[in-house]
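**Q** Okay, predicted coordinates and the sequence, questions at the end:
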Amino acid sequence: MNNYGLSNLEIKYIIERALLPDRCVFSEHDGLHTLRVTPHNHPLQSVILPDLDFKYLSTSRAIAELIGDVRYRLADASTQKNKFAFNKRVK
């Protein structure tokens, strides 16, 4: 349990629900979590955030910032993929 009163399972649930319809997979090693998010429309593309410590997700603002960061990275990865595809077609 962290200071906010949410268990790790509840934090995972909040993050997963906030990122729907994308697929989230959490893994844990030595008390740190790794989040892998796969967009529903690009199943071969993933964004990975390693070494998440849930004790720092003790406020709603911290959870919202993490979700915003994941969304930004997903959008950036999608943009990079489109730039590469566009450049490839131009040649």
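**A** Good, I have the coordinates. Numbering: from 1, shown residues only.

**Q** Just confirm residue 61 is within a helix.
**A** Yes: looking at residue 61 with DSSP: H, G, I helix; E, B strand; the rest coil, it is inside a helix.

**Q** Run a quick neighbour tally on residue 33.
**A** 19 (other CB atoms under 10 Å). For glycine as for every other residue, the C-beta is placed from the backbone atoms N, C-alpha and C.

**Q** which ones are touching the spatially closest residue to it that is not a sequence neighbour?
**A** Closest residue in space to residue 33, ignoring its immediate chain neighbours: residue 52 at 4.4 Å, by CB to CB, 6 or more residues apart in numbering. Residue 52 makes contacts with 32-35, 66, as judged by CB atoms under 8 Å, 6 or more residues apart in numbering.

**Q** Please convert the residues you listed to JSON lines, extending it with pLDDT, distance to residue 15 and secondary structure.
**A** Formatted as JSON lines, these follow (pLDDT from 0 to 100; distance: CB to CB, whole Å; DSSP: H, G, I helix; E, B strand; the rest coil):
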{"residue": "32", "pLDDT": "93", "distance to residue 15": "15", "secondary structure": "strand"}
{"residue": "33", "pLDDT": "94", "distance to residue 15": "10", "secondary structure": "strand"}
{"residue": "34", "pLDDT": "95", "distance to residue 15": "13", "secondary structure": "strand"}
{"residue": "35", "pLDDT": "95", "distance to residue 15": "7", "secondary structure": "strand"}
{"residue": "66", "pLDDT": "95", "distance to residue 15": "7", "secondary structure": "helix"}
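
**Q** Could I get these in CSV, plus columns for distance to residue 6?
**A** Formatted as CSV, these follow (distance: CB to CB, whole Å):
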residue, distance to residue 6
32, 17
33, 14
34, 19
35, 16
66, 13
